[in-house]
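1. Following is a predicted model, sequence given first.
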Amino acid sequence: MEREAEPWLRGTHGDLPPMVRAVVHALELAREDGQRWCGELSDEQMHARPAEIASVAFQLRHVVRSLDRLLTYAEGRSLSAEQLAALKTEMDAVGTRETVLAEFRAGIDAAIERVRGFAGTSPEEARGVGRKALPTTVGGLLVHCAEHTQRHVGQLVTTAKVALRRTRAM
């Protein structure tokens with residue numbers, strides 16, 4: 001079966017400015033890759049840490065929770081107590097495959113909608129990150145959303161492949 005072209009090659013979201021469109025496409029690809037590579041994992045494989053690397057569950061949670069944090073900064077707001085508490089639980093080996101994937105799908109969908117909301121915002125608009133309000137821009141934060149997400153999706157794909165191979169080899 002032939003795979004569909006990646007989101008950025010589908011000619012979608014022509015209503016969005018190029019940078020916003022590129023970020024949306026990166027998030028759509030992350031959603032598709034997460035579903036493709038994690039759909040067969042068992043609960044145990046989802047939380048496995050082969051060679052002590054971060055689990056697939058961590059990567060999925062980290063992607064959506066970091067997107068939430070980065071987009072909060074891009075929106076010019078500070079992190080909430082709930083976001084800070086969620087940050088501290090990303091490494092916890094809790095949740096079934098379905099609950100972790102559900103959080104991932106919902107988080108990606110929410111992030112896409114939030115990113116679309118920047119269509120009328122100048123990428124040069126100043127923003128601050130963290131308690132020290134380190135200087136950046138809306139564009140810097142949006143680009144970081146895309147590249148950070150893709151980096152962690154690459155890690156989860158690799159970990160998922162290792163976890164699946166270990167199970168098949170047994």
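-> Nice, thanks for sending it over. Residues are numbered from 1 along each chain as shown.
2. Could I get the buried residue list for the helix-or-strand element of the chain with minimal mean pLDDT?
-> None of the helices or strands of the chain scores lower by mean pLDDT, DSSP states H and E than helix 138-169, at a mean of 91. Applying a neighbour-count criterion of 16 or more other CB atoms under 10 Å, one finds 138-146, 148-150, 152-153, 155-157, 159-160, 162-164 buried in helix 138-169. C-beta coordinates here come from the backbone N, C-alpha and C atoms, glycine included.
3. contacting residues for the residue positioned nearest the centre of the chain?
-> With distances taken as CA atoms, centre = their mean, the residue of the chain nearest its centroid is Val63 (3.1 Å). For Val63, the contacting residues are 30, 34, 104, 107-108, 148-149, 152-153, 156, by CB atoms under 8 Å, 6 or more residues apart in numbering.
4. Out of these, flag the one nearest to Ser122.
-> His148 (21.7 Å; CB to CB).
5. Make sure that closest one is actually in contact with Arg69.
-> No: counting by CB atoms under 8 Å, Arg69 is not a contact partner of His148; they are 10.4 Å apart.
6. shared neighbours of the two, anything?
-> Residues touching both His148 and Arg69 do not exist when contact is defined as CB under 8 Å, 6+ apart.
7. Please name the bridge partners of Thr136.
-> Following DSSP bridges, Thr136 is listed with bridge partners Arg127.
8. Count the neighbours of it for me.
-> 17 (other CB atoms under 10 Å).
9. Go ahead and confirm it touches Val129.
-> Yes: using CB under 8 Å, Thr136 is in contact with Val129, at 5.6 Å.
10. anything in contact with each of those two?
-> Joint contacts of Thr136 and Val129 (CB under 8 Å, 6+ apart) are Tyr73.
11. and the contacts of Val63 as CSV, adding distance to Asp15?
-> Listed next are these as CSV, based on distance: CB to CB, whole Å:
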residue, distance to Asp15
Ala30, 21
Gly34, 25
Phe104, 26
Gly107, 23
Ile108, 20
His148, 25
Thr149, 22
His152, 28
Val153, 25
Leu156, 30
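12. Kindly indicate which of the residues you listed lies nearest Glu98.
-> Of all the contacts of Val63, Glu98 sits closest to Phe104, with 10.6 Å by CB to CB.
13. Contacts only, for Arg61.
-> 89-90, 100, 103-104.
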